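Chemist: predicted model and sequence below, questions to follow.
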Amino acid sequence: MEKRFFIKGNEALAAAAIKAGCRFYFGYPITPQNDIPEYLSRHLTKVEGCFIQAESEVASINMLLGASAAGARAMTSSSSPGISLMQEGISYLAGSELPAVIVNITRSGPGLGGISASQGDYFQATRGGGHGDYRTIVLAPHSVQEMHDLTLLAFDLADKYRNPVVILGDAVLGQMKETMVEKPYHPPELPPKDWALTGAAGRKPNLIKSLYLKEGEMERHNWKLFEKYQRMKGKEVRYEATQEEDAQLVVVAFGTTARVSKRAIRLARAAGLRVGLFRPITLFPFPEEALLRLSQRVKRFLSIEMNTGQMVEDVKLSVARDAEVHFYGHPPGSPPVPEELLEAIKKAY
Amino acid sequence: MGRILVNRERCKACALCTLACPKKLILFSQEANSQGFYPAELRSGEECTGCALCAEACPDVAIEVWR
Amino acid sequence: MKQVFRRPPSLKDVPFHFCPGCHHGVIHRLVAEAIDHFNLRERTIGVAGVGCSVFIYEYFDIDVAEAPHGRAPAVATGLKRALRDRIIFTYQGDGDLASIGMSEIVHTANRGENITVLFVNNTVYGMTGGQMAPTTLLGQQTTTSPYGRDFQQDGYPIRMAEMLATLEGTSFSTRVALNTPANLMKAKKAVRHAFEMQMHDMGFSFVEFLSSCPTNWGMNPLQANERVEKELIPYFPLGIFKERKGTDHL
């Protein structure tokens, strides 16, 4: 029996974390994601979980490192400036091969910026963000349902690959209320966490580290991580494509922008324009092969983002050489409206 | 002998001035300002000494005092 | 009759956006009065924290820098080292200074930087909607301590004025309140004294203001004012915890 909830995006995400077995949350207040720590401060104790409002985001990500090293499912959440503070910690998580879920309810930037939605953290999320040669899986919800479902997925992928996973939401998704359907959650088969630090009783000691000083070690470690990322690219790509089969122009958008684009595309279709939508759900691994295949047939793409041009670079890198990639940017301040995107679609058509 | 002038548009009717006034001379207007607050005002009469404690307490710097 | 009380010139003639009964407005005025008393307006630079403090540039008619959350003392250090004859102050809330900024404030005080730190302690995170702060009292309900602050889970509230007074680098550390005329007058003197110390290169000065936040305490302004007396002052005593008299430490 499916249960329906009318719920805020941030709260759906927090509820999903508990559902996924997350029992450790460390975070710091920052608009527009405070509903997440506030929800978890009320509910984690009810399932004998641990909630800590840490002194800062730097402390939060490091508490997360500790809990993860102990083998627990743990999460933190923040918004853009706080995520910047976490970059060192995320690099350490990746280098140490620790599972972790990090939620970014993106706000405007750079700097203190503002509290409205933006997609200005795409580069930060997909290009490492912190130092060193690493990647995090990046999941981009576009509805309250996905804020919930992709959180369940995030914990599974983090454990499957022993890697940090970033959920890239935004202020609109976090704050809006929508109906979602709760389906039963079945955790997949996952390898045991025999690498975790639990005390070396009856086994050789385990070590969680990212320092590699001996001859050849660093190189081997980086290739090992690289191979992991290649496996992610092979198996974990997710996207949604609608009305792309007969399209003359395909809009590429993620998150809230994809929501507004869906409406704009309906308006375009009503006006007789053959427009489709390609919505990446994993921003890393980016659906480059699917886009390449699509671009064998469709030769015009319009990347629409709430920034001044970030994902468009990945779109350009993915499509066939003879496909045109246009860009429409709506920097943060307020989300774009369908009529505005319809104009952009008409111009690029 | 003193008097105060409350800037009606700045007053948020927080009432901290009423606490500060040693002679309890401050009450609230029957007419709202454009923000919907009923601003503080000096009760009519000659009793204000211009001690300015109301002005010191006012978080909106809405009170001027003469002595 | 002559006018005996008016808005200090360093405070812009604009409405404050603060909630009714919030003490930020009073503190802003006391700071502006001190700046004008010593005629410092043209050589004072303020550093805003993040939180309700961030808007000082809207209200003070002086140069202002906005610092990342918690880092105002570090930004102030950079400013003062570059401009030794200017008056530099920071204006920070309890999340900014005592949580994320704990390292910066301790080390800035420890270095004895010749700046003035104004610390607005209202036991809660105001701007972000009422989460727990390092100074939230035991048993106090906030949006992230929904069952009341519990020392086993969250630790005890931190007394910043006392803690900073233990550092050799601190020259002046005091805690004041604004809930009564008597306390308010002492607060006024404390702010003046802090700026005066900076003017005489006497080292690091720190003023902690016990302040009310009616909105996030779930109270009206009069109740909130009363809470300062009944609940805050007993745990955060008023007084001077350190006061260097001369420059013998230099």
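Modeler: Nice, I can see it. Numbering: from 1, shown residues only, chains lettered A, B, ... in the order given.

Chemist: and C:Thr247, what's its pLDDT?
Modeler: Reading off the confidence values, C:Thr247 has pLDDT 64.

Chemist: mind checking how far the spatially closest residue to A:Gly114 that is not a sequence neighbour is from chain B?
Modeler: In this structure, A:Gly114 finds its nearest non-sequential neighbour in A:Ser108, 4.1 Å apart by Cβ to Cβ, 6 or more residues apart in numbering or on different chains. (Glycine included, C-beta is placed from N, CA and C.) To chain B, A:Ser108 is 28 Å away according to Cβ to the nearest Cβ, to the nearest Å.

Chemist: does whichever residue of chain B sits closest to chain C belong to a helix, a strand or coil?
Modeler: Per Cβ to the nearest Cβ, B:Pro59 is where chain B lies closest to chain C, at 3.2 Å. Following DSSP: H, G, I helix; E, B strand; the rest coil, the label given to B:Pro59 is coil.

Chemist: about what we covered before: what's the per-residue pLDDT of the residue nearest to A:Gly114 here?
Modeler: 96.

Chemist: next: the one 3 residues further on.
Modeler: The model reports A:Gly111 with a pLDDT of 96.

Chemist: so how far is chain C from it?
Modeler: Taken as Cβ to the nearest Cβ, the span from A:Gly111 to chain C is 8 Å.

Chemist: for A:Tyr328, same thing?
Modeler: On the measure of Cβ to the nearest Cβ, A:Tyr328 and chain C end up 31 Å apart.

Chemist: would you agree that residue falls within a strand?
Modeler: Yes: per three-state DSSP, A:Tyr328 lies within a strand segment.

Chemist: count of residues packed around the residue of the stretch 201-349 of chain A found nearest chain B?
Modeler: Here the stretch 201-349 of chain A gets closest to chain B at one residue, A:Ser334, 25.3 Å apart by Cβ to the nearest Cβ. Around A:Ser334 there are 13 other residues, counting by other Cβ atoms under 10 Å in any protein chain shown.

Chemist: and it, what does it touch?
Modeler: A:Ser116 (Cβ atoms under 8 Å, 6 or more residues apart in numbering or on different chains).

Chemist: check what pLDDT it gets.
Modeler: 84.

Chemist: need the longest helix for chain C.
Modeler: Across chain C, the longest stretch assigned as helix under DSSP state H is helix C:181-199.

Chemist: the helix or strand following that helix and chain B, are they touching?
Modeler: Where DSSP states H and E defines the elements, the next helix or strand beyond helix C:181-199 is strand C:204-210. No: using Cβ under 8 Å from any Cβ of the partner chain, strand C:204-210 never reaches chain B; the gap is at least 12.3 Å.

Chemist: what is the neighbour count of A:Gly27?
Modeler: Neighbours of A:Gly27 using other Cβ under 10 Å come to 30.

Chemist: these two touch, right, it and A:Glu38?
Modeler: No: when contacts are counted by Cβ atoms under 8 Å, A:Gly27 is not listed as touching A:Glu38 (9.9 Å).

Chemist: specify the local secondary structure of A:Pro141.
Modeler: Under three-state DSSP, A:Pro141 comes out as coil.

Chemist: which residues touch it?
Modeler: Taking Cβ under 8 Å, 6+ apart, one finds A:Gly9, A:Met147, A:Asp149, A:Leu150, A:Ile167, A:Gly169, A:Leu173, A:Gly255, A:Ile281 in contact with A:Pro141.

Chemist: interface residues of chain C facing chain A?
Modeler: Checking chain C against chain A by Cβ under 8 Å from any Cβ, the hits are C:50, C:54, C:66, C:68-70, C:95, C:99-100, C:102, C:125, C:127-129, C:131-132, C:134, C:143-147, C:154.

Chemist: tell me the buried residues within those residues.
Modeler: C:50, C:54, C:66, C:68-70, C:95, C:99-100, C:102, C:125, C:127-129, C:131-132, C:134, C:143-145, C:154 (16 or more other Cβ atoms under 10 Å in any protein chain shown).

Chemist: mind listing which of these are in strands?
Modeler: C:Glu66 (DSSP state E).

Chemist: what sits against the closest residue to A:Gly132 other than its chain neighbours?
Modeler: In space, and not counting its chain neighbours, A:Gly132 is closest to A:Ser91: 5.3 Å by Cβ to Cβ, 6+ apart. A:Ser91 makes contacts with A:Gly128, A:Gly129, A:Gly130, A:His131, A:Gly132, A:Tyr134, A:Ser210, as judged by Cβ under 8 Å, 6+ apart.

Chemist: can I get the residues you listed in JSON lines with neighbour count, secondary structure and pLDDT?
Modeler: Formatted as JSON lines, the contacts of A:Ser91 follow (neighbours: other Cβ atoms under 10 Å in any protein chain shown; DSSP: H, G, I helix; E, B strand; the rest coil; pLDDT from 0 to 100):
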{"residue": "A:Gly128", "neighbour count": "18", "secondary structure": "coil", "pLDDT": "83"}
{"residue": "A:Gly129", "neighbour count": "24", "secondary structure": "coil", "pLDDT": "92"}
{"residue": "A:Gly130", "neighbour count": "21", "secondary structure": "coil", "pLDDT": "96"}
{"residue": "A:His131", "neighbour count": "12", "secondary structure": "coil", "pLDDT": "97"}
{"residue": "A:Gly132", "neighbour count": "12", "secondary structure": "coil", "pLDDT": "97"}
{"residue": "A:Tyr134", "neighbour count": "23", "secondary structure": "coil", "pLDDT": "97"}
{"residue": "A:Ser210", "neighbour count": "16", "secondary structure": "coil", "pLDDT": "96"}
